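# dropping the sequence and predicted coords here.
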Amino acid sequence: MKQVQATEPPQTVRAADTDFILGELTALRDKVVPDPEVCIAILDGPVDLTHPCFADARITRADSLVLDEAGTGAMSGHGTHVASIVLGRPGTGTLGLAAGCRGVVVPIFQDSTGHLSQLDLARAIERAMLSGADVINISGGELVERGEADPLLARTIEACERNGVLVVAAAGNDGCDCLHAPAALPTVLAVGALGRDGTALPSSNFGDRYALNGVLAPGESIPGAIPGGAIAELTGSSFATPIVTALAALLLSAQRRRGRAADIAEVRRAVIASALACARDSDPRCLAGILNVRGAHALITQGDKVTEMAATQIPHVASSGVDATPPDPGLMNPGPPPAPPDAVAAPTGVAPSCGGAPCSCGTTAAQAATTASAAHEAPTPPQSAHPMPVSNVFALGNIGFDFGTEARRDGFRQLMPMAESSDETPIVTEPNPYDAVQLANYLDKHPWESTKLIWTMNLNLTPIYAIEAEVTYHEAVYEMLRYALRCQVLPAEDDDFVSRVSLPGVLTNRTVTTFAGQRLPVIVVQRRGLYTWNENNLVKAVLGAIDFDKLTTQLGIDRSKAESRTELKLRQMLDKVYYELRNLGSSSADRAINYTATNAFIFSDVMAKGLLAGELVDGDVTSLYSLESITAVKSPFGRLDCDCWDVKITFFSPENERRARVVYQATVDVSDPWPVQLAPIHQYLISGG
């Protein structure tokens, strides 16, 4: 694929004019015509899809942890405004810079809280990918040290890159040399806010990473919709971000119109490479430069030269004189709401009961609301709720429980028997409903009480799913959950110790709220495929498959040392499987990986062979091989209506990276909640180094 790059450095711009840039985008929208096959996902607050600007728009709402409909709260205003910049109908007072593309709204911010965890953001991104998103707009982020994101969020962003999905995120409005996640991740297109004076808003974040993956876009006094049918002008990086999202969608449309496959990497490079230098070249607040609509389009259509934008083409616009103030940092927080605008109702006559709408991560400009266009007829609202396709889950983790309410917890405490210690002279104590063994023992004698708990699947003590047993098999499911709960707290050396549980199920559109206030998606689980993973037994199975008599001869050490050395290496590899490959188990690739990694029959055989892969390479097993990676790629072969993936388990020699790597490949169909292996394990060599 041809690399896109500027052959000449862009010209310095004296002052960037917001109206000029938005005019360029409007002209490009009319020239390219947004492709309805290009899908834009808006991850934000609830969107008022009854607003006149969304009349006849192709927008659906995906299921998420936020079930609230759009109201008059700050987050509803934030989401509605952001969505209208991209998908609103032109001529209604909103920009609608990519109107005509398909839209998917994935609500992530609640009016009552205004923030979410990085884990839940990762969950929403996966939901957007499942909905077919090509571009994902995230007008929010979390201020993080050194720009490091939660591993699950980072892996989800990597999955976006592999699947051809571009993530565009706000750089944040803390007004400092600091980074936000996910904007600071290298494959994300970060966006800072450009003021009407041609410089970055004082509140817009900057930093070395943003100089590589970020651009400035108009972010002051941007018109957009707010709930109730009104239009308002808001300021902040949240409202600069959808402008870049719209450009990305138009560039993808241009690629498709020219008969080419959509290439998000090319689009991202074009936006960065064509960015115009700020008036002060050394200003770190400029990021990689100012958004250059014409130049980015030229790189996509011509591929070899950026269309230059001379400074004289951009009229200087004086500053609005509005001082921007940075907000308080928040967890994945789009920012505090601005002062309510004086919103004027659209012709529908529906006025917002609260004119407030948030100002992303940032600042508030003088806000002047305008009436929506009176030229249109009463709108037909787009489909506001769209049933998602069935989403299978195959997750790995530990079993947990939650009572949901204080009353439910106290009810268990009241019903559970007194506890006795295992001392020679037993000590009787009050029952503790948080003691896993006491609770499991009580539930064994009163199994019907199992349905009164919120059972959870946990990753590192963090609940990721609420478990609901399928009605037909609920007794067997809860029996297995109780067994896992009891055995997870045993000493690691115990033969009954359970280190992991594999959980196949179907994700529903329902949620439950834990005692701590965390909202979890519910998955329905069958007994089929619900297994515990006993690491000790798996290690024994692998060691039993190794010819230690032959190995000790080649290594020149006694059998006990050979077994000890091999067991240590094996346990390290098993830890790598769980801790490095942590995921939500909802994407097809992750389900294929999780199934392969927990199928004892497949995995023990592969691990035994992988450790001694040197014998296959050059006959030398004095250096044991180690697990390098487990990856999944879409299989070119598969049955009709199946979802088949090739899982590749790669081993390498840590003592000599130039030695050939050995790959063991399994083909797995994940179209059913319980995945199926379709072919025997294949092995082959690839070059080292």
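Thanks, I have it.

# would you map the helices across the stretch 351-500 of the chain?
Applying DSSP state H, counting those that start in this stretch to the stretch 351-500 of the chain gives helices spanning 406-415, 436-445, 474-487.

# low-confidence ranges in this protein?
For the chain, residues meeting the criterion pLDDT under 70 lie at 1-16, 279-282, 303-390, 423-424, 554-557, 600-601, 621-622, 689.

# can you pull the domain assignment for it?
If you go by automatic domain parsing, the domain ranges for the chain are 18-264, 391-532, 535-686.

# kindly check the end-to-end length of the second one for me.
Distance across domain 391-532, first residue to last, is 23 Å (Cα to Cα, to the nearest Å).

# equivalent analysis for the first one, please.
Using Cα to Cα, the span of domain 18-264 from its first residue to its last is 25 Å.

# which one's the longest strand in the protein?
strand 500-513 (DSSP state E).

# if we can go back for a sec, out of the domains of the chain, which gets nearest to V293?
domain 18-264 (3.9 Å; Cβ to Cβ). From N, CA and C alone the C-beta is placed, and that goes for glycine too.

# re earlier: tell me the angle the longest strand of the chain makes with helix 474-487.
Per axes from the mean of the first three to the mean of the last three Cα atoms, to 10 degrees, the angle that strand 500-513 makes with helix 474-487 is 110 degrees.

# who does the next helix or strand after strand 500-513 pair up with?
Tracing the chain C-terminally past strand 500-513 and defining elements by DSSP states H and E, one meets strand 519-525 next. Using DSSP bridges, the strands paired with strand 519-525 are strand 462-469 (parallel), strand 500-513 (antiparallel).

# go through the first one and flag the buried ones.
Within strand 462-469, the residues that qualify as buried are P463, I464, Y465, A466, I467, E468, A469, counting by 16 or more other Cβ atoms under 10 Å.

# give the contact list for A181.
Listed by Cβ atoms under 8 Å, 6 or more residues apart in numbering, the contact partners of A181 are Q118, G141, E142, V144, G147, E148, A149, D150, L153.

# what is the nearest of the residues you listed to A296?
When the contacts of A181 are compared against A296 (criterion: Cβ to Cβ), the nearest one is G141, at 23.2 Å.

# the closest residue in space to the closest one that isn't next to it in sequence bridge partners, please.
Nearest residue to G141, sequence neighbours excluded (Cβ to Cβ, 6 or more residues apart in numbering): H180, at 3.3 Å. Going by DSSP bridges, H180 is paired in beta bridges with L143.

# start at 53 instead
Shifting the count to begin at 53 puts that one at H232.

# now, of the helices of the stretch 403-552 of the chain, which is deepest in the fold?
The highest average neighbour count among the helices of the stretch 403-552 of the chain, using mean count of other Cβ atoms under 10 Å, belongs to helix 526-539 at a mean of 20.

# next, the angle helix 488-497 makes with that helix.
150 degrees.

# which residues does helix 526-539 contact?
Under Cβ under 8 Å, 6+ apart, the answer for helix 526-539 is 450-451, 453, 488-489, 491-493, 495-496, 499, 502-503, 507, 519, 521-522, 546, 548-550, 553, 577-579, 582, 584.
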